[in-house]
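In: Model the structure of this input:
(2 chains)
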Amino acid sequence: MVNHLVATATRRSDRVALARRLDRAGATLSRQTSPESAEVTVWGPAEDGESLLALLAEVVLEPRFDAEDIARLRRQMLERQLRERTQPASRAEYELLRAIFPSGHPYRETGIGDRRSVPRLDRNRLAEFHRRHYTSRDAAVIVTGPATLGQVEHAVRRRFSSLPEGARLRLAVPPVPARPPRRVMVHLPGRSQVEVRVGGTSISRSSPEYPGAFLANEALGGRPMLSRLFQRIRERNGLAYHASSQLEALRFSGFWTARAGTGADRWRRVVPMLEAEVARVRTSGLPAAELRSVRESAIGEIPLSLESTADAHHLAVDVVYHELPGDFWAGWPARLRDLTPGDVRRASALAFDRTRSATVVVGPIRA
Amino acid sequence: MATRGVPRPAFDEFRLSNGLRVVLAPMADSPTASVWVWYRVGSKNEHPGITGASHWVEHMLFQGSPRYGKGEIDRAIVGVGGELNAFTTTDFTAYFSTVPREHLAIPLDIESDRMTRALITDEEVERERTVIHSEREGNENWPEFRAEEEMFQLAFRIHPYRWEVLGHRVDIERLTPGELRDYYHRFYGTRNATLVLAGGFDRNETAREVRRRFSPLPASGADVRVQDTEPAPSGERRSELTGPGTTPYVLIGWRAPSLHDPLAPATMVLDAILGGETGLFSAGAGWGRAAEHPAARLYRALVDPGLAVRATSEWRPREYPGLFLIEAQAAKGVAASRLEEAIDGVVERLRRVGPTRTEMNDLRAKVGRGAALAYEGASRAGFRLGYFSVMGRPADEDSLYRSLLAVTAEEVRARARELLRPEARAVVHYVPTKGVGSDD
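Out: Here you go, the predicted model:
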């Protein structure tokens, strides 16, 4: 809620005035939150870099927290909560996190709270959260575009020097106890499609096993159209429109998800296929030829990641947030080329953990 | 003072003797090259019984040819780090691949092959049938999809915009491999396609390569004009749907001009005043539904006072007259009828008074400055040049942009009075069923 409100209005400009300022600048303000971080980004024409930075500083430093904005956001979040519970895709993600992570774990929540928590968040609590967390020791300003470091540094110092230093707060991520894999079934009548998720805990981005796990996930389902899940479930068997996987290697820990959307008459065939493909990667890693193929694909993709300022910005954020070396992306191809099938097998066994995993099926599943 | 045009890369256009239109936009600094093929075929070319054929053929063009076996197209592009996909609309079907610039020859080879030589075997059609069912089922899970499908069936009685691009369920079950092959051979080919290349390549060398690969193709493929004329509605049309959902959802549609209509720019401004975005010229966001916009009229009248959790408008430019849509999702406890009343109030006020000077000035600034971001990267450049080529000519973008910036408040008011008439609209209410996932 705080990050949404930060990007909504400032002490100088209410929500309408701020929206109009953005329109006049030809700019957009976006916001994003994860279990670990909050991000506010302003996008606009390069020649306005200085004024865009000023606007970003204003929203971060001087949020308004209007009672009307809070009330409106509460209404929107309550509807989103309802949507999360009643849409098979979002309900499946919600149930998966709850099946994997124990109560109190920060990765267990999807970020939109529940019926009890949202009404309790009043102006004082929100402002206090902002005061405590929007501080310079826990923040980074990342600028991507045609400007020199000197220009940017000068402008950032000028605009953000009043950001309070605060204390560096380390997120407490408790270990997840091992247990047999869980299975969660949720019947949602009246829907057309069944959503299947298989997932579990994984490694952090700073783990030395990350590059191997990254390639294993690309082969499993991260590389659209080339992956094992896509090929087996969609291309060979025609069972689903989407079938993919994702490795969320966060700063302190992580989780993996394999997913597919399928029909009420087909999900019983899809579930064992998803589980079997994950198990195959977990136990066998990738044969040398497949490793070579997925590695060259991942290396070849780097120019596409630099197509636009927005694309390049994502790479820059990754480096800064995960405290990677400044030349990380330059050395990335060599790191991938150094990996052997043995490295990938070892990484897969850790990254696609079975002892803290679950399978979730949501949709019109009752006969 | 003359308005500057859209800031975009220089491009060349030419036509091969077999009818293929080619657009080349070299971008010297680009590390990538993006290849797009746009066919002037979409669900507008279908009829009841074969609805969904355009979209299904799009799927089949990834399933192999004599030169590329099943899965080899994906492997060839993704294997070098590229990305590829395709999409089908009411008016056109587009295929794209973006690759590191040194691999430009790969997508060129693929596109020149599948333009006329896709196999579409019986076996692959049967396997793809469940994939397409699954795609449709995924969409049906959303009340917004069901309401929009109902809206177009309500608003159009004759014109092919009446059915959804994915096709009717019964047609997905019934369409035969032979019908899909006939459809492909009728509409695909050099005479009905535009090839667009944008990115890091040499103009002359690439033009030679394009001629070498595409000139030998036979002149084929028909651009068929849709003859069905939709009569003007004789009164308001209404429908109520029920199903799982959160809160009531209201969708109102009015018949709206095509992209080629001189009134299109004023309609775009109308969309921006009500919903906050101009679609084709929104700042950085690209083409699609308007984002939440607190300064827009619908937002201020419906979301601010707690009637709705979101409210916006959308005019999706089409080749033939389509619909201007307003949609709103109710806040908890608000009935669909109350939401509709509030929308009526916003529409009526705009018809009576028109936009303010501030609204017009903000919009001009937003469109004028935001356009600078529209052509960042080879993929976006390929999309925009291709879109305006398939809908007319690339130069149309400039004239549309200039006209958009020149629209006056009075023209917007006149457009609202003429377009948003209560007796000419269609209204769909989607009401959540109690006990079926609703907030009962």
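
In: List the single closest residue to B:Phe11 in space, sequence neighbours excluded.
Out: Computed as CB to CB, 6 or more residues apart in numbering or on different chains, the closest residue to B:Phe11 that is not its neighbour in sequence is B:Ala25, at 3.9 Å. Every residue, glycine included, has its C-beta placed from N, CA and C.

In: Work out the gap between the strand or helix carrying the one you found and the centre of the chain.
Out: If you go by DSSP states H and E, B:Ala25 is part of strand B:21-26. Relative to the mean C-alpha coordinate of its chain, strand B:21-26 is positioned 21 Å out (CA atoms, centre = their mean, to the nearest Å).

In: In its sheet, which strands sit next to it, and in what direction?
Out: Strand pairing for strand B:21-26, determined by DSSP bridges: strand B:12-15 (antiparallel), strand B:193-199 (parallel).

In: Surely B:Thr312 and B:Tyr299 touch.
Out: Yes: counting by CB atoms under 8 Å, B:Thr312 touches B:Tyr299, with 7.4 Å between them.

In: shared neighbours of the two, which are they?
Out: Residues touching both B:Thr312 and B:Tyr299 (CB atoms under 8 Å, 6 or more residues apart in numbering or on different chains): B:276, B:292-293.

In: so which of those residues comes closest to chain A?
Out: Nearest to chain A among the shared contacts of B:Thr312 and B:Tyr299 is B:His293, at 6.2 Å by CB to the nearest CB.

In: Up against chain B, what does the stretch 251-367 of chain A have?
Out: Within the stretch 251-367 of chain A, the residues that sit near chain B (CB under 8 Å from any CB of the partner chain) are A:261-263, A:266, A:293, A:296-304, A:306-311, A:363.

In: what's the weakest-modelled helix or strand in chain A?
Out: strand A:28-33 (a mean of 89; mean pLDDT, DSSP states H and E).

In: Name the residues that touch that strand?
Out: Strand A:28-33 is touched from outside by A:3-4, A:6-7, A:18, A:22, A:38-44, A:55, A:59, A:111, B:283-285, B:291, with contacts defined as CB under 8 Å, 6+ apart.

In: Just the ones in helices from those, please.
Out: Mapping the contacts of strand A:28-33 onto helices (DSSP state H) picks out A:3-4, A:6, A:18, A:22, A:55, A:59.

In: Buried ones in stretch A:147-161, by neighbour count?
Out: For stretch A:147-161, burial by neighbour count (16 or more other CB atoms under 10 Å in any protein chain shown) applies to A:152, A:155-156, A:159-160.

In: Is that stretch positioned near chain B?
Out: No: applying CB under 8 Å from any CB, one finds stretch A:147-161 separated from chain B by no less than 15.5 Å.

In: tell me the mean pLDDT for that stretch?
Out: Per-residue pLDDT over stretch A:147-161 has a mean of 93.

In: Can you tell me what sits against it?
Out: Contact with stretch A:147-161 is made by A:46, A:49-50, A:53-54, A:56-57, A:60-61, A:136, A:141, A:143, as judged by CB under 8 Å, 6+ apart.

In: Report the residue spans of the chain with pLDDT below the cut-off.
Out: Answering for chain A, as no chain was given. Within chain A, the ranges that satisfy pLDDT under 70 run A:367.

In: switch to chain B, that's the one I care about
Out: In chain B, residues with pLDDT under 70: B:1-3, B:282-291, B:435-440.

In: which stretches of it form strands?
Out: B:12-15, B:21-26, B:32-39, B:83-88, B:93-100, B:193-199, B:237-243, B:249-256, B:308-315, B:322-330, B:425-432 (DSSP state E).

In: Tell me if stretch B:319-335 is near chain A.
Out: Yes: looking at stretch B:319-335 against chain A by CB under 8 Å from any CB, the contacts come from B:329, B:331-332.

In: Among these, name the buried ones.
Out: B:329, B:331.

In: what's near enough to touch B:Ala118?
Out: B:60-61, B:63-65, B:184, B:188.

In: Tell me which two in those residues are the farthest apart.
Out: Maximum pairwise distance in the contacts of B:Ala118, criterion CB to CB, is 15.1 Å, between B:Gly64 and B:Tyr188.

In: still on that earlier bit, need the buried ones from the contacts of stretch A:147-161 selected in PyMOL.
Out: A single PyMOL command selects the buried members of the contacts of stretch A:147-161 (16+ other CB under 10 Å):
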select buried, chain A and resi 49+53+56+57+60+61+141+143
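
In: want to throw the contacts of stretch A:147-161 into JSON lines with secondary structure and distance to B:His260?
Out: Converted to JSON lines, these look like this (DSSP: H, G, I helix; E, B strand; the rest coil; distance: CB to CB, whole Å):
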{"residue": "A:Ala46", "secondary structure": "helix", "distance to B:His260": "34"}
{"residue": "A:Gly49", "secondary structure": "helix", "distance to B:His260": "38"}
{"residue": "A:Glu50", "secondary structure": "helix", "distance to B:His260": "41"}
{"residue": "A:Leu53", "secondary structure": "helix", "distance to B:His260": "42"}
{"residue": "A:Ala54", "secondary structure": "helix", "distance to B:His260": "42"}
{"residue": "A:Leu56", "secondary structure": "helix", "distance to B:His260": "40"}
{"residue": "A:Ala57", "secondary structure": "helix", "distance to B:His260": "45"}
{"residue": "A:Val60", "secondary structure": "helix", "distance to B:His260": "45"}
{"residue": "A:Leu61", "secondary structure": "helix", "distance to B:His260": "48"}
{"residue": "A:Ser136", "secondary structure": "helix", "distance to B:His260": "54"}
{"residue": "A:Val141", "secondary structure": "coil", "distance to B:His260": "46"}
{"residue": "A:Val143", "secondary structure": "coil", "distance to B:His260": "42"}
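
In: Angles on the backbone of A:Gln193, please.
Out: Phi and psi for A:Gln193, reported as degrees, to the nearest 10, are phi -110, psi 150.

In: distance of it from A:Arg366?
Out: 15 Å (CB to CB, to the nearest Å).

In: of those two, who's got more company?
Out: Each of A:Gln193 and A:Arg366 has its neighbours counted (other CB atoms under 10 Å in any protein chain shown); A:Gln193 has more, 29 against 9.

In: Tell me how far that one lies from A:Gly199.
Out: Taking CB to CB, one finds A:Gln193 at 19 Å from A:Gly199.

In: what's the answer for B:Arg40, then?
Out: When distance is defined by CB to CB, B:Arg40 is 43 Å away from A:Gly199.

In: One more: B:Lys366?
Out: B:Lys366 sits 41 Å away from A:Gly199, taking CB to CB as the criterion.

In: which residues in the stretch 251-367 of chain A form strands?
Out: Ranges of strands in the stretch 251-367 of chain A, per DSSP state E, counting those that start in this stretch, are A:254-263, A:357-363.
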